[in-house]
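**Student:** A predicted structure for the sequence below; I have some questions about it.
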Amino acid sequence: MKGSVRRWLASIRQHKNFHANPRLIAWLQNPFFSQINKHSVAGGVFIGLFCAFIPLPAQMPLAAIMAIIFRVNGLIAMIGTWVSNPFTFPPLIYVAYHIGALLIGEKPHADFETVESGVKLLPYLGPIFLGSLCLGMGSAISGYLLVRILWRLSVIRQWKLRRAGRRLLKKIVPSNTFHKNNSI
């Protein structure tokens, strides 16, 4: 897992358009983009998923700033914001409104589906923001825990493979044979 992400980052850095923008080079060579460890990846997923559910237009810059502040992988944080996109945003807002309305204690309005202008949306903003906050925290915590669990399972798998390789090596090359050939 770790090697494939590093290869992907290296391929981005070697792309022909990458070298055309010196600011982009300096920004992506910042260590906060290249940290690949359990904490930075899980934290990046947490921040990315949390920012994805914030109903504001500047989700990616917010995720990058939060990643720098909390010293987690910024690239993963910004990619995590892609959960909300033009295709998923309307259903996310709809679900956020219903969750927020239920938490406030209001009955969700049936005419929410027919809101067309921003003026008609004003009474719904409170429940939308509360529901978005709950969806963001829930998905961020779930994503964080999932990354930590998958990372741990990957480490355990690597340990088992390494142990099996050592056992196989011991069967192939007995330890006393190795010492006889390399004795001084």
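**Tutor:** Sure, I can see it. Since the model is a prediction, treat every value here as computed from it, not as a measurement. Numbers count the residues shown, from 1 in each chain.

**Student:** okay, which residue is most central for the chain?
**Tutor:** Centroid-nearest residue in the chain, with Cα atoms, centre = their mean: residue 45, separated by 2.2 Å.

**Student:** thinking that residue is in contact with residue 144, fair?
**Tutor:** Yes - look at residue 45 against residue 144 with Cβ atoms under 8 Å: they come within range, at 6.0 Å. C-betas here are computed from N, CA, C, even on glycine.

**Student:** which residues of this protein score low on pLDDT?
**Tutor:** For the chain, applying pLDDT under 70 flags the ranges 1-6, 8-30, 32-34, 110-120, 174-184.

**Student:** can you tell me which helix in it is longest?
**Tutor:** Assignment by DSSP state H gives helix 125-172 as the longest helix of the chain.

**Student:** centre of the chain versus that one, how much separation?
**Tutor:** Counting by Cα atoms, centre = their mean, to the nearest Å, helix 125-172 is centred 11 Å from the centre of its parent chain.

**Student:** show me where this protein has helices.
**Tutor:** With DSSP H as the criterion, the chain has helices at 2-14, 22-28, 31-34, 38-52, 59-70, 74-80, 89-104, 118-121, 125-172, 175-181.

**Student:** in the fourth one, what counts as buried?
**Tutor:** Translated: helix 38-52. For helix 38-52, the neighbour count (16 or more other Cβ atoms under 10 Å) marks 40-52 as buried.

**Student:** and what of the fifth one?
**Tutor:** Across helix 59-70, burial judged by 16+ other Cβ under 10 Å covers 59, 60, 62, 63, 64, 66, 67, 70.

**Student:** pretty sure the first one is touching residue 50, no?
**Tutor:** No - the pair residue 59 / residue 50 is not scored as a contact, 9.7 Å apart, by Cβ under 8 Å.

**Student:** Identify the contacts common to those two.
**Tutor:** Common neighbours of residue 59 and residue 50 (criterion: Cβ atoms under 8 Å, 6 or more residues apart in numbering): none identified.
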